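Asker: this is a predicted model, with the sequence first.
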Number of protein chains: 2
Amino acid sequence: MKKITVVALFLLGTSSLFAQKTDEQVLKEIYKQALTNSKSYTWLDHLSNDIGARLSGSANAEKAVQYTKAEMEKLGFDKVYLQEVMVPKWVRGEKETAYILDNKTKTVVPICALGGSVATAKNGLTAEVIEVQNFDELAVLGAAKVKGKIVFFNRPMDNEKIESFHAYSGAVDQRYAGAQKAAELGAVGTIVRSLNLRLDDFPHTGAQSYGDLPKSKYIPTAAISTNGAELLSKTLKKNPKLNFYFKQSCEQFEDVLSYNVVGEIKGSVTPENIMVVGGHLDSWDLADGSHDDGAGVVQSMDVANIFKNIGYKPKNTIRVVLFMNEENGLRGGQKYEELSLKNNENHIFALESDSGGFSPRGFSLECNKANFDQIAGFNTLFEPYLIHSFVEGHSGSDIGPLTSKNIVKAGLKPDSQRYFDYHHAANDKFDAVDKRELELGTGTMASLMYLMDQRGILK
Amino acid sequence: MKKITVVALFLLGTSSLFAQKTDEQVLKEIYKQALTNSKSYTWLDHLSNDIGARLSGSANAEKAVQYTKAEMEKLGFDKVYLQEVMVPKWVRGEKETAYILDNKTKTVVPICALGGSVATAKNGLTAEVIEVQNFDELAVLGAAKVKGKIVFFNRPMDNEKIESFHAYSGAVDQRYAGAQKAAELGAVGTIVRSLNLRLDDFPHTGAQSYGDLPKSKYIPTAAISTNGAELLSKTLKKNPKLNFYFKQSCEQFEDVLSYNVVGEIKGSVTPENIMVVGGHLDSWDLADGSHDDGAGVVQSMDVANIFKNIGYKPKNTIRVVLFMNEENGLRGGQKYEELSLKNNENHIFALESDSGGFSPRGFSLECNKANFDQIAGFNTLFEPYLIHSFVEGHSGSDIGPLTSKNIVKAGLKPDSQRYFDYHHAANDKFDAVDKRELELGTGTMASLMYLMDQRGILK
């Protein structure tokens, strides 16, 4: 039986070379390529420093589509193509201004409009402030105490959490739904403490939603830096009647046409089975999005580059998918799934990198127990590369919509401690990414793609 | 038997509280303290930004002694004291200059004198350059080809290595012994490629030794930035007759008096057994030494702070030791051992943090198999804190001299990918340290100190 397999693989050309190699040897080659011959860092340099911020619907997002398509065309994919997708276009406009007015003392604080927020009136908005820690406190206050005021959501991320994403999950409701909840009680605006574990001067933007509120009820909402939040809270304790002023000019336009970028290597044995590796091409508008998610984009492209360099021909069809509009709509991920259903495609595996270009620690997995156990069983193969964490949990937002039966979804899990130092803020720039940390992530992704291609998934 | 233990512990006061807690509970408290109530980051801010670079024998090193002594005195140790130690005093003098002279083209490159190097002549040194990758190549060239030249050691750190310290070990001989080897063959100076995995413009200093060469044979030696090394190598290929100029004014003075700083908590059960936790107080002179080893200093002090905050009274005597002169002499570590032998002390455990304030991954251990297995068996206790790596290997330079029978030595093992981005270079500053990464290291150290205090060591 073994003999037959070897003969069969021999007929598949270069795959035969791999039939003679152990998984240990292939992973060693992959990591060597990642650390000495990868393109991740060069690509990220271009995406960050030559293109820059890539909010959906912007000219830069379009440049990123064209750049990554052109780069993938150089890599020898069987095909590289664009998937049309209509995306929201929200524009920040001129830089926001804000200050605390404590009697006659005016103290400027750093804010930024949250994505999807409406503008203030042209000359800004001034109101008294009411601070709350959560939606329950807000509900107890009720319309009587909230009406006409700016609601200040100031619950910090919980520093006790070891994984910073857990601290984020516990605080993000304020940013995402705070404006809706406050508007329902007659507030005129909201200010939300930035989702940042550090005390610093960067306001962190991010998606927010007015839910099912009628448009006439929309109120402007902004994030304030953590230092600004501390100051506002402290000043409020001394003077609950202080005024807060802010001005923002953001605007929501009609949806515009954009694209997912897809590079495809046809499977040599079971081309009908598709494996996706991807990240999202859009970023927020305040910085280059080098960690979120330039890193995931270049790492995913590099998986194909490394396979090419080591001469590995995958058994299954591999698609590198650079999704558009993860940040404020998820339209790219939804469109990809829509087309997949339409074309009756069968996805067996999807891997996303959207947690920053930090030192890789493991994978977060969504799958049945048999597949979880198979992947967790790769731990000894990964041990020399310091990959040790195989947990059940969220894989990735863009691959979230995929529904193929038995599909296994995985998210690369880098060290999370610094992620929220940069997330959606003006310091998410190229120099915040370490070359080797980024490249080790690339090697880790390519290794899992290789192993999953070899082993397949279990029903 | 269990009953008797509980009664015995009850008599020891606050220890009784701990007798009722599981190790899981205590570690949870320790990490909570580390992440929400620790002093590591504040202390590091002062050491880095208010004091700064702390080369042995400098005024800043003395300030650091006084500052840490005063801070430890606030923590309620049973005693805080200084250990006198004579240390080398080497002074860099004015900033070095260097350029490549390729025919008439002069290109300035960043260099820095290696620690302990002699100066060039006052107006600098100009000579032809011969590039080698290692000592074998140098030996093959022999005196005929080396005499009168500057030897350029240009073997890069090996990017394929997963742990950056392994790449360092494989390249550091050029820096440490390059000048001696080249001088033996009549070279007039050496230029050494900086020990940095990145390509950038920072020269990285570090200790070097002329070995048993007579003083009259000492030649000036400097590190060149990795970009500078690449340029020099490329230019040499085109023009092997190019000249290199460098000028440095460094000087070695007489040894001066300095100090180890020691804070001691007397053991409540077996005070004769001593457990050390420490780092080194001196740094190189080009930057604040925030990672090397400000981080280790403040983490070690914070172990005592956390024990105090959670009311933990150790069974064994705990000493926080801030060693002087790790970088260019190891005199502090040697002096500590000398006094320990003189006083007939029994050390059972020593833990050092000297690998940077990065996200902690585990411990590097020097001990017999029984103790290794005991510590590796803590893995499930540490798993919630993402500590997964227990390996045999180098623990720490300052605790290296300790010789007590059966002593267990451990080094904190943080993620190593970024360490050599900063090591001994002008960018090893406070902003290169992430608060949470530093604090998780503190929690990890305090946890191991607690567990070792509870379990003791195995013969």
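Answerer: Done, it's in. Numbering: from 1, shown residues only, chains lettered A, B, ... in the order given.

Asker: for the residue in the stretch 351-459 of chain A that chain B sits nearest to, grab the count of nearby residues.
Answerer: When distances are taken as C-beta to the nearest C-beta, the stretch 351-459 of chain A reaches nearest to chain B at A:His388, 4.2 Å away. For the C-beta atoms, the positions are set from N, CA and C on the backbone; glycine is no exception. Residue neighbour count, defined by other C-beta atoms under 10 Å in any protein chain shown, stands at 18 for A:His388.

Asker: gap between it and B:Leu257?
Answerer: 46 Å (C-beta to C-beta, to the nearest Å).

Asker: and the residue of the stretch 351-459 of chain A closest to chain B, its phi and psi?
Answerer: In terms of degrees, to the nearest 10, the main-chain angles of A:His388 are phi -130, psi -10.

Asker: list the contacts of it.
Answerer: By C-beta atoms under 8 Å, 6 or more residues apart in numbering or on different chains, the contact set of A:His388 is A:Arg361, A:Gly362, A:Asn379, A:Phe382, B:His388, B:Ser389.

Asker: contact partners for the third one?
Answerer: With contact taken as C-beta under 8 Å, 6+ apart, A:Asn379 is in contact with A:Ile387, A:His388, A:Phe390.

Asker: dump these into TSV; add pLDDT as well.
Answerer: As requested, these are exported to TSV (pLDDT from 0 to 100):
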residue	pLDDT
A:Ile387	98
A:His388	97
A:Phe390	98
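
Asker: host element of A:Gly411?
Answerer: strand A:408-414 (DSSP states H and E).

Asker: which of the contacts of A:His388 lies closest to B:Ile51?
Answerer: B:Ile51 has its nearest neighbour among the contacts of A:His388 in B:Ser389, at 32.4 Å by C-beta to C-beta.

Asker: now do the closest one against B:Gly362, distance only.
Answerer: In terms of C-beta to C-beta, B:Ser389 sits 3 Å off from B:Gly362.

Asker: of these two, give the one with the bigger neighbour count.
Answerer: More neighbours surround B:Gly362 than the other of B:Ser389 and B:Gly362, with 25 against 18 (other C-beta under 10 Å).

Asker: was I right about that one contacting B:Lys413?
Answerer: Yes: using C-beta atoms under 8 Å as the test, B:Gly362 is close enough to B:Lys413 to be in contact (4.6 Å).

Asker: what is in contact with those two at once?
Answerer: With contacts defined as C-beta under 8 Å, 6+ apart, the residues shared by B:Gly362 and B:Lys413 are B:Ser389, B:Val391.

Asker: for the stretch 351-459 of chain A, give me the ranges with low pLDDT.
Answerer: Across the stretch 351-459 of chain A, nothing is flagged by pLDDT under 70.

Asker: what residues does it have near chain B?
Answerer: Within the stretch 351-459 of chain A, the residues that sit near chain B (C-beta under 8 Å from any C-beta of the partner chain) are A:359, A:361, A:384-386, A:388-389, A:415, A:417-418, A:421, A:434-437, A:440.

Asker: over to chain A?
Answerer: Checking chain A against chain B by C-beta under 8 Å from any C-beta, the hits are A:31-32, A:35-36, A:159-160, A:162-164, A:197-198, A:359, A:361, A:384-386, A:388-389, A:415, A:417-418, A:421, A:434-437, A:440.

Asker: Serialize the contacts of A:Asn379 to a markdown table and add fields for distance to A:Ser404.
Answerer: Below are those laid out as a markdown table (distance: C-beta to C-beta, whole Å):
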| residue | distance to A:Ser404 |
| --- | --- |
| A:Ile387 | 26 |
| A:His388 | 29 |
| A:Phe390 | 22 |
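
Asker: gap between A:Leu55 and chain B?
Answerer: 27 Å (C-beta to the nearest C-beta, to the nearest Å).

Asker: can you tell me the closest non-neighbouring residue to that residue?
Answerer: Excluding the flanking residues, the one nearest A:Leu55 by C-beta to C-beta, 6 or more residues apart in numbering or on different chains is A:Asp285, at 4.1 Å.

Asker: the one you found and A:Lys95 touch, don't they?
Answerer: No: between A:Asp285 and A:Lys95 there is no contact, the gap being 11.3 Å when judged by C-beta under 8 Å.

Asker: if you count what's nearby, which of these two comes out ahead?
Answerer: Ranked by neighbour count (other C-beta under 10 Å), A:Asp285 and A:Lys95 place A:Asp285 first, with 26 against 11.

Asker: re earlier: mind checking the SS state of the residue nearest to A:Leu55?
Answerer: coil (DSSP: H, G, I helix; E, B strand; the rest coil).

Asker: who's in contact with it?
Answerer: Neighbours of A:Asp285 in contact, by C-beta under 8 Å, 6+ apart: A:Ala53, A:Leu55, A:Ser58, A:Arg92, A:Thr205.

Asker: with A:Val276 instead?
Answerer: A:Ile318, A:Arg319, A:Val321, A:His347, A:Phe349, A:Ala350, A:Leu351, A:Ile399, A:Leu402 are the contacts of A:Val276 under C-beta under 8 Å, 6+ apart.

Asker: am I right that it is in a strand?
Answerer: Yes: secondary structure of A:Val276 (three-state DSSP): part of a strand.

Asker: so who does the closest residue to it other than its chain neighbours touch?
Answerer: Distances taken as C-beta to C-beta, 6+ apart place A:Ala350 nearest to A:Val276, at 4.1 Å, with adjacent residues excluded. Contact analysis of A:Ala350 by C-beta under 8 Å, 6+ apart lists A:Met275, A:Val276, A:Val277, A:Gly278, A:Ser395, A:Gly396, A:Ile399, A:Leu402, A:Ile407, A:Val408, A:Lys409, A:Ala410.

Asker: top of those by neighbour count?
Answerer: Neighbour-wise, the contacts of A:Ala350 (other C-beta under 10 Å) top out at A:Gly278, 33 neighbours.

Asker: who's the closest spatial neighbour of that one, skipping the chain neighbours?
Answerer: A:Val321 (3.8 Å).

Asker: partners of that neighbour in the sheet?
Answerer: A:Val262, A:Gly278 (DSSP bridges).

Asker: my read is that it contacts A:Ile274, right?
Answerer: No: using C-beta under 8 Å, A:Val321 is not in contact with A:Ile274; the gap is 10.0 Å.

Asker: list the contacts for the closest residue in space to A:Ser283 that isn't next to it in sequence?
Answerer: Residue nearest to A:Ser283 in three dimensions, not counting chain neighbours: A:Gly289, with 2.3 Å by C-beta to C-beta, 6+ apart. The contact partners of A:Gly289, by C-beta under 8 Å, 6+ apart, come to A:Ser48, A:Ala53, A:Arg54, A:Asp282, A:Ser283, A:Asp428.

Asker: tell me how many other residues crowd the residue in the stretch 201-350 of chain A positioned nearest to chain B.
Answerer: Across the stretch 201-350 of chain A, no residue is closer to chain B than A:Thr226, which sits at 12.0 Å (C-beta to the nearest C-beta). By other C-beta under 10 Å, 24 other residues sit near A:Thr226.

Asker: which residues touch it?
Answerer: Counting by C-beta under 8 Å, 6+ apart, A:Thr226 has contacts A:Pro156, A:Arg193, A:Ser194, A:Asn196, A:Arg198, A:Leu199, A:Asp200.

Asker: the last one: neighbouring residues, count only.
Answerer: Think A:Asp200. 17.

Asker: and for the third one?
Answerer: Using other C-beta under 10 Å, A:Ser194 has 32 neighbouring residues.

Asker: roughly how far apart are it and A:Phe244?
Answerer: Taking C-beta to C-beta, one finds A:Ser194 at 16 Å from A:Phe244.

Asker: again, but for the second one
Answerer: Counting by C-beta to C-beta, the separation of A:Arg193 from A:Phe244 is 14 Å.

Asker: likewise the last one?
Answerer: In this structure, A:Asp200 lies at 20 Å from A:Phe244, with C-beta to C-beta as the measure.
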